[in-house]
Every structure is written in structure tokens, then in C-alpha cells.
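A.B. asks: have a look at this fold, sequence not included:
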């Protein structure tokens, strides 16, 4: 029947030994998913076939937004290095798709040369034509950040009269191609440019199905004061709500991502916390890369299954002799009805179906008589891939996570926030007073002593019950108060003296201010009278 199915039976008797998740995904795609894609002409309607480079490449980050929102500056800020061939200005300066990748020497590879390189994941961009390829290049440079990830800079999305100028290639389709393959999509907005143009709406529509990869950044937020920033944030959320038809609210990071002094420093603390969250998200991409590829392959397999049902249904409805053209037009016009019928018959979620309007356009140029009818065995193999084969890779995925725990993006701006006193929270909360000669609790000890003696200590110490009765008045959960007790009872006698009570009160205030608690008590917080004894015990 099909030669590949015979091979599949042999493989069951002699299963291959898979060493990595990526290797397993490549194997499953070539042996089980690709044959179904080719048989039902999936590549004519959706994304082209995947190659080894699509599985082997580093995590990619797509940076997009309207012109002059700071896309290229954002990338430069991450790398702490200029990008070869880049230009920055208030007008639309980046008119190319630029793949910023690691290389031993700085240089630029033009688009036509880039798509013939088997080691780069861009070979399937060829169908977008010469006009696009002349606007596509790879900037290579030696940079520590790029050892872990690659970044795709995009042309500024146009607004107003500018958007009526044709680019000469299908811009939303190119964005969709990248969106399906990247690990993260960073969408930048300018605090003074929140309108979403028609071209921007089309671009966002092209990202449909990849909303989980999107992170929105409200850039240049240092140009407005706090009150104005609140209004800008609200306006942005309202605009996004109109374009993204999802019940979930998109995560918006607020900041000023460039290496210049803040114009209005009022919100410096907020910007630092937001930057830390965004950097953490990007840093974890290498660790989650295999999981993302696995997720994308399952998503693709679901679309292939739906596509097979659609194509076979159209084939089945076609007459064998006369009236083929009329029937074809009729079927195309009734495509949404056919979708609903397939959905009910085969219990398929409506979210798995492609855009009906787009598929109606694509079907116009196809001969339905050349489509294939449904092959149940093929769909069984596809279901086996999604239910059994992918599940077998999960233990390997967990093993890889355990073996490479420190697989994070390093270098550039990612190192700056973790250096010395500029490390987030290094002078706040539990770390406050770490460099002071005097015990940091001393400044508030008179206040704590007053409470201590009101609680009537016995022989200079408070029993656990008395201390507990006061500590619960702070309304912190028992689990937190238990941890504070453990850190404060330095001599482990089940009671608190005046210094230990002052320490407990200090830790409560630290927690109430929104900071975390350490697993062990830092040396600078140990009460002075206990330092020698704690050092001896250790």
C-alpha cells in the first residue's frame, strides 16, 4: 500500500534509540507527519515542510512594532553592541528583515545567499520572491547573548498615508512564517504612538495561533510622568483589546530600553522591576526551547489532521463526470458549512480549523479532482503521534532540564542587572544594611523594645505563646510567621529575647513591604550578642 507504512511496522520491532528530544521530534516529523502533509498537499495551503535546521536552530526572538518605537535600539540595548548595517532614526529606518545571529567575525549575508545555506532555518523563505529577499539579510557578530538566541529585527510597521505604499511582497505572510518558528515575539509600542494602523492590525492578525509567544513592551515610558503613564497604559490595553480577540489580557512590560539617562526618573523602580521580569522571560528561552518545538509540532499535527479531513471531504463531494466547475464554486462558497460538518462528525475543536476566508481564496486555483480521499490508516498514524509518541518524549524532556539547569541567556544587558550593588534588591529588604558596621535592626530597636516589654517577658524572654499572640496581629499567614520564627530564634531555645524579638519584628516589616525572606539568616542580621555563639555552632 504505502512503503513508509511498511517501514513503520518494522520500526515497531526494532525501535530506534533516541538520545535527545530534538532528535526524537525530527524522527517523528519525517516518518509520520511529513508523509501525511505531502499526501494531502498541506504545503500548498499552509507552511512549507520543516527541515533539520528548523529543529536544530537556537531559540529565536522576533521584534516587531510600528516605525520609531525603538526596535533596533532595543536589540542594541540587549546585546550592548552595534548591529552591522543598522541605522537608527525617528523615520522608518529599518526597511529590511534582519536576522541578528552569532558569528566569529562581523559581517552581513544578503537574503539570496542566506536561503541556500542548509545550516540556517531560512531556506523555505524562497517562495516570497526576489523583492522580499532583497529586503532580507543576516547580520553576524561575535556576541555572548547570540550564543544562546538569535534575534529577528523587522521593518517598522507603517501608519497613516505611509501604509498605502506597497512593499512589493506579502508582509503579513512573512510575519506569519516567522511567528510559527520563533520562540518569543516582542511587540514594541511607543508611549506617544499608541494608534494601531491598518497594516499593524493585519500584522497582528498574521500572528493568530501564536498569542502565547507574544510579549508587549511599552517603550520610551520615561518620556511621561506617573499620571500620564497610567493613562497611556490604559489606552494601550484598550487598543490591544480591540485587536486581540482573546479573553486573556496580554502581559505588558513598561520601561525605557536604551542605554541613556531616564528623561523623567520618577518611575525608575517600576522600570527596573519590569526589565527584570522581561529579561527573565527571555533568559529562560534556551531552557524551554525543546518544549516549544514539541508544542509547535503537536499544533502542526492537529492542523494537518484537520486539513486532511477538509481535502478528502472536498474530493468526496466532487462529481465524477459533469459539472465539476460549478460544484467547485459551490463547495468553496459553502466552506464554513463544511468546516462545521467536519467539526461535528469527527469531534474536532473549532480552534483547530484554519481561516475559512483565506482557504477559500487558496482553493480557487486548485483542481479538486486531484485531491486524495481519506486514508484511515494515515490518520491513525497521526493520532498515534499525538497521543503516544509525543508522550514518550516527555521523560526525556524532563531529563534534559535536570542535566542542563543553568541553560540561560548570558552576556550583554542580561549580566548588568546581576552585578554587585546593581543587582535587583541588593540594598533593599533582607539585604538592607549588609555593608553597615552597625546592626541594621538597631535603628528601630527602641520601638521594638517598647512592644517587647509590654508583652511581659519572663526572665528577659518571651515564650512562644506570647510571641505568637502578637505576631498573628500582623495578619501574615502562619506559614510565613513560622519561617520568621525559625530565622529569629537564633539560639534555638524556643523563646525570644529582646534582640531576637527585634529581629522578628524587622523581618515582619520586610515581608509587609513586599520583599522575600531568605532560607537562612544572613550574617549581617544575626543579633550582635549571638554572633560569636552562632559562629562557634557553625
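C.D. replies: Received it, and whenever you're ready, just let me know what you need. It should be emphasised that the depicted structure is a prediction, and the values quoted were computed from it without experimental measurement.
A.B. asks: confidence score at the nearest residue to residue 343 once chain neighbours are set aside?
C.D. replies: Nearest non-adjacent residue to residue 343, counting by CB to CB, 6 or more residues apart in numbering: residue 350, 5.9 Å away. Backbone N, C-alpha and C define where each C-beta goes, glycine included. We have a pLDDT of 88 for residue 350.
A.B. asks: backbone phi and psi for residue 350, please?
C.D. replies: phi -60, psi -20 (degrees, to the nearest 10).
A.B. asks: do I have it right that it meets residue 344?
C.D. replies: No - under the criterion of CB atoms under 8 Å, residue 350 makes no contact with residue 344, lying 10.4 Å away.
A.B. asks: check the secondary structure at the residue lying closest to residue 124 once chain neighbours are set aside for me.
C.D. replies: Once flanking residues are discounted, residue 124 sits nearest to residue 48: 4.1 Å by CB to CB, 6+ apart. Look at residue 48: counting by DSSP: H, G, I helix; E, B strand; the rest coil, its state is coil.
A.B. asks: how far away is residue 48 from residue 319?
C.D. replies: In this view, residue 48 and residue 319 are 32 Å apart by CB to CB, to the nearest Å.
A.B. asks: could you do residue 512 as well?
C.D. replies: 76 Å.
A.B. asks: what about the helices in the stretch 201-350 of the chain?
C.D. replies: 226-243, 268-283, 285-317, 324-333, 335-346 (DSSP state H, counting those that start in this stretch).
A.B. asks: in which helix or strand would I find residue 436?
C.D. replies: Counting by DSSP states H and E, no helix or strand carries residue 436.
A.B. asks: state the pLDDT value of the nearest residue to it once chain neighbours are set aside.
C.D. replies: Using CB to CB, 6+ apart and skipping the chain neighbours, the partner closest in space to residue 436 is residue 524 (7.4 Å). pLDDT recorded at residue 524 is 88.
A.B. asks: go on, the one 3 residues further on?
C.D. replies: Looking at residue 527, its pLDDT stands at 91.
A.B. asks: ditto for residue 165
C.D. replies: So residue 165 comes in at 54 (pLDDT).
A.B. asks: next: residue 313.
C.D. replies: 92.
A.B. asks: equivalent analysis for the one 4 residues further on, please.
C.D. replies: Here, the pLDDT recorded for residue 317 equals 88.
A.B. asks: any idea how far it is from residue 360?
C.D. replies: Taking CB to CB, one finds residue 317 at 15 Å from residue 360.
A.B. asks: same thing with residue 388?
C.D. replies: 35 Å.
A.B. asks: what do you get for residue 345?
C.D. replies: Taking CB to CB, one finds residue 345 at 21 Å from residue 360.
A.B. asks: so which of those two has more stuff around it?
C.D. replies: residue 360 (15 against 10; other CB atoms under 10 Å).
A.B. asks: for that one, which three-state class applies?
C.D. replies: From three-state DSSP, the assignment for residue 360 is helix.
A.B. asks: so what's it up against?
C.D. replies: Residue 360 is in contact with 332, 333, 335, counting by CB atoms under 8 Å, 6 or more residues apart in numbering.
A.B. asks: local confidence estimate at the nearest residue to the second one once chain neighbours are set aside?
C.D. replies: Translated: residue 333. Leaving aside its sequence neighbours, residue 333 sits nearest to residue 360 (CB to CB, 6+ apart; 7.7 Å). Looking at residue 360, its pLDDT is 92.
A.B. asks: perfect, that will be all.
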